[in-house]
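Asks: this one's structure only:
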């Protein structure tokens, strides 16, 4: 039995690197410090859903084949295609991503990562107006106002609050954990009182409010770090917040523009914006302007709703405005543990963060045209390679219908929705458990991923599989050129 | 009075159960339980006559899918339904990228009707029915 | 055994005092040797100029800041695309070229060694990952430690030895090459949106002044015997009237014993030599700065020359980028790094018809021409801040030709023309002086013993240019000389021909250099330190260092410290 400390968790953009694993007989048996998802991965990764050998679809069924046969078949598909999509990349190491860019360049395809369906619009927003941001430690040490907008860290980034924001001790700002626990106790008491009163008053129901602000109108006068959650529904994170603002669906843009007006000392001649009373918004604006260091974290609630990248652009613009008054940062809550790395690697090798088209021999980038979703919906693709992502489970139906019309190569440790649909399927080792590598945290801080156990016999890493395919593609192409030269 | 159909706004997104399930495996029971469901507002469920943990049919111009309706525990969200990310949500999501690469996963109009006699498909059945594989 | 013989070229090797003599250079196994066998491959350099490979002391080519610049500026790439060839990878160029293109373009100009001057220690792995993807060049990187909390705390306590041991450890775990200081104290202040405005301002919460940081780290640098001096971006950079701060900074460093080796390097001096007291009357202070420099020997400098083009400014000086944001309203990146530093990016178009921009252009050249000793002042643009590095040949033309300067000056804003000192300067630099400013001087200031010269034992990093110094009047024929510097006839890296006739023909990875500083007593990493680490950073101590995994071709340089 051995204990491995300081393991980086390969799940979400938090990249918590304080995980302690107990390893016994080449298996992780105990996980310390991790969240529920972390535990599920480190304990559950080796379960029955693991793919054990390379597979190829023959007579409509996936059957086991040798690694050699699969590599040859995959290379043939890619070398002979004219516009392949190489998609995914977000749950693998930057080392594998580097090989991925070279492979895509070699076959003249499209290199796209999962940002296209999560924070791609955020990148577009950033390309419009820039981004005032920082690493997460700055927030731990300095932020006295923390806003989560259109994201639910409790569900998607479970340790974000405890490691980086409200519930962490910084040099200049203290943890709100104790205060939160006290509030919970007090609320529990109140709930008992309320239910007693309800029983007394003959079960009359309280009417739900559109804007559920506790005890409105009230000033945002809480001491210490303030936590505000803005969302269309009361999430777990919203329940933990000091202040929760419920915005009507698809109206985040209006709400942010309204705040910009107030932050710039303008007047609003309406009573409500996006369902929130202007009187209350004024208090929010005051809190924004009067903090020492504020931060907005945002998620899919901005990027996937009406307005998409315009929502992000206006959120950043609000933060730009606020920097004229105080210090303010903004950060996207990146999902996959290395989707940031996928953007970073793609950018240093090509100049562009996602949706890169190599079909003309040089990198080209035009989201909406060169992004894989659009290529799939226009039915221009003639082959796909999917690695370290599961579009089968996460893309709209029509896109997948078109993906499976052409040869589909899948590289993944698990039998997921995409591997079930694949034509050539490579099992790969889990990076961060069975293979080492590098991942980039949501704030672009690079962290090493550890190898804590050996992969199953014969199972290669993403990087190794890609390198094999790349070598074979180069061989096929050089033979072709030689043939042409002969002729 | 009980209505036949309800017009709602469809949101999709993460839940922690979905996160736990996806790491366990996409074919796992945990993933199925976490993703083949739909959070609804308690009053909306009453309007449709749908009980907690019974099946509903969600339809959009892009498709329809049978899901298990679950009462949203934390706040009133009249007119909103919430389906965790996964193949079930994708069966009804809008693929419109508005020319920026991103489909419309949140805030699309949808209709909900009770479907007590229809089955929620497993991931294998769902993929088979949609893509023939 | 690869052998090469470069025959009959005009050799400019200032470190060895060779000024345009016709001679042969022999190469074996990547090094310059006395002689080679008859089997050696011949390069006929008759009528050509032979110099050591170019050395760039300050160019932002890799790491978090640079890459964020790439991400936010697709419009920068779309106008300059590079296709894949049989030998080279594809990419994009202009002000923030992709990694491969960076290597190719430097190499095409005859450069072989470049120093990446800005690396946040927390993000050092990123920098090294990118350096691995920059081919054809030897590289090194300077960690930003002027506002590092540990350094501030050691210096406040007056514990120079403790600080020195810490900096030694820092060089090792970041795989760094020199102490980089940017707007000392200002970056920590910027954590809450403030700045310092003189070298004697107090840094909030830390009870220390920029002066104490600069002088303290210069002393630490000396105790550690680091090959390069502290590498300093001054306070108040880019603001009118800042030359006073620059003079005070240089004077402050007089207190550090000189002992024949420079105690400080002020980088992109142009940005620190502004006179006036507002943008309306901003003017050159090149005269004040250069006359001080001509009278003192304790420091070296580089230009930070401005090029008239659309470029991208990026610096760890977050408050300065905020000033540019306030001035321009352009898209703005701020990127503060916990416990260590800050950073910012603003796209910037230097225009001839803008009085301030044109004055900046003039200041850079005035400084380079008024500072008499070329061993003190090196050519850079602070790429990409003053302009992209591939504009270097244009700067060389301005330096060697008054005619070239006049041609540009007459297109500049009238106000800038009137204020410019350039018409009063007749100096035209020789190829020998240019060789000092672009390789020999830079290598010497960096303490790179095997670079910047062509003596026996030196690295066989060589540039050959299509310039015949016997038949060419370079001041008059500056356009053809500019072309020659843009497309080297040959670039040789580690004894291999990598560029021929301005095209990349070979592939060499290039090494990453860093300092392995050996102190008598190593930095103690005890439990207290580990606990402090947990308090200061959001990553674990074990995951902070740059391990060997992150360096593709390793070239550690051992330094014996005096502590």
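Replies: Arrived safely, thanks for sending. Note that the structure is predicted; figures quoted are calculated from it, not measured.

Asks: residue ranges for the helices of chain B, please.
Replies: Here chain B has its helices, by DSSP state H, at B:16-24, B:29-35, B:42-48, B:87-90, B:123-131.

Asks: quick one: these as TSV, columns for mean neighbour count and mean pLDDT too.
Replies: All C-beta atoms are positioned from the backbone trio N, CA, C, and that covers glycine. Formatted as TSV, the helices of chain B follow (neighbours: other CB atoms under 10 Å in any protein chain shown; pLDDT from 0 to 100):
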stretch	mean neighbour count	mean pLDDT
helix B:16-24	23	92
helix B:29-35	19	95
helix B:42-48	17	95
helix B:87-90	27	94
helix B:123-131	17	93
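
Asks: in the stretch 251-400 of chain C, what residue is nearest chain A?
Replies: Distances between the stretch 251-400 of chain C and chain A by CB to the nearest CB are smallest at residue C:338, namely 2.6 Å.

Asks: excluding chain neighbours, what is closest to that residue?
Replies: Once flanking residues are discounted, residue C:338 sits nearest to residue A:137: 2.6 Å by CB to CB, 6 or more residues apart in numbering or on different chains.

Asks: now do the SS call for that neighbour.
Replies: helix (DSSP: H, G, I helix; E, B strand; the rest coil).

Asks: how close does it sit to residue C:341?
Replies: Taking CB to CB, to the nearest Å as the measure, residue A:137 falls 12 Å from residue C:341.

Asks: okay, those two: which has more neighbours?
Replies: Neighbours of residue A:137 and residue C:341, each counted by other CB atoms under 10 Å in any protein chain shown, are more numerous for residue C:341; the result is 32 against 25.

Asks: quick one, what contacts the more buried one?
Replies: C:120, C:144, C:146, C:147, C:148, C:182, C:187, C:316 (CB atoms under 8 Å, 6 or more residues apart in numbering or on different chains).

Asks: and of those residues, the nearest to chain B?
Replies: Checking those against chain B with CB to the nearest CB, the nearest one is residue C:120 at 30.7 Å.

Asks: now that the closest one has come up, it's in contact with residue C:336, right?
Replies: No - look at residue C:120 against residue C:336 with CB atoms under 8 Å: they stay out of range, at 9.5 Å.

Asks: show me whatever sits in contact with both of the two.
Replies: Common neighbours of residue C:120 and residue C:336 (CB under 8 Å, 6+ apart) are residue C:343.

Asks: any idea of the pLDDT on the residue in the stretch 101-250 of chain A positioned nearest to chain C?
Replies: Going by CB to the nearest CB, chain C is nearest to residue A:137 of the stretch 101-250 of chain A, at 2.6 Å. The model reports residue A:137 with a pLDDT of 98.

Asks: same question for residue A:184.
Replies: In this prediction, residue A:184 carries a pLDDT score of 86.

Asks: ok, back up a step: just so I know, which of the helices of chain B lies nearest chain A?
Replies: helix B:16-24 (3.8 Å).

Asks: hmm, the closest one touching chain A?
Replies: Yes - contact of helix B:16-24 with chain A (CB under 8 Å from any CB of the partner chain) involves B:16, B:19, B:20, B:21, B:22, B:23, B:24.

Asks: just checking, the fifth one touches residue B:31?
Replies: Yes - the pair formed by residue B:22 and residue B:31 meets the contact definition of CB under 8 Å, at 5.9 Å.

Asks: returning to that earlier point: which one of the residues of helix B:16-24 next to chain A is nearest to residue A:247?
Replies: Of all the residues of helix B:16-24 next to chain A, residue B:16 has the smallest distance to residue A:247: 22.3 Å, by CB to CB.

Asks: how close does the closest residue to chain A within the stretch 101-250 of chain C get to chain B?
Replies: Closest contact between the stretch 101-250 of chain C and chain A, by CB to the nearest CB, is at residue C:193 (3.5 Å). Distance of residue C:193 to chain B, computed by CB to the nearest CB, to the nearest Å: 33 Å.

Asks: what residues are up against residue 78?
Replies: Chain wasn't specified; assuming chain A. Going by CB under 8 Å, 6+ apart, residue A:78 touches A:84, A:103, A:107, A:109, A:383, A:385, A:409, A:469, A:473.

Asks: other chain: chain C
Replies: If you count contacts by CB under 8 Å, 6+ apart, residue C:78 has them with A:365, C:92.

Asks: quickly note the distance from the residue of the stretch 101-250 of chain A closest to chain C to residue A:343.
Replies: As judged by CB to CB, residue A:137 and residue A:343 stand 21 Å apart.

Asks: could you do residue C:6 as well?
Replies: Separation of residue C:6 from residue A:343 (CB to CB) stands at 44 Å.

Asks: ok, now residue A:275?
Replies: Distance of residue A:275 to residue A:343, computed by CB to CB: 34 Å.

Asks: do residue C:501 as well
Replies: On the measure of CB to CB, residue C:501 and residue A:343 end up 37 Å apart.

Asks: chain center to stretch A:101-108: distance?
Replies: Averaging C-alpha positions (CA atoms, centre = their mean, to the nearest Å) puts stretch A:101-108 25 Å from its chain's average.

Asks: got it, and stretch C:112-123?
Replies: The answer for stretch C:112-123 is 9 Å, by CA atoms, centre = their mean.

Asks: same question for stretch C:481-495.
Replies: Centroid separation for stretch C:481-495 versus its chain: 20 Å, with CA atoms, centre = their mean.

Asks: tell me where the stretch 1-150 of chain C is predicted with low confidence.
Replies: Regions of the stretch 1-150 of chain C meeting the criterion pLDDT under 70 cover residues C:1.
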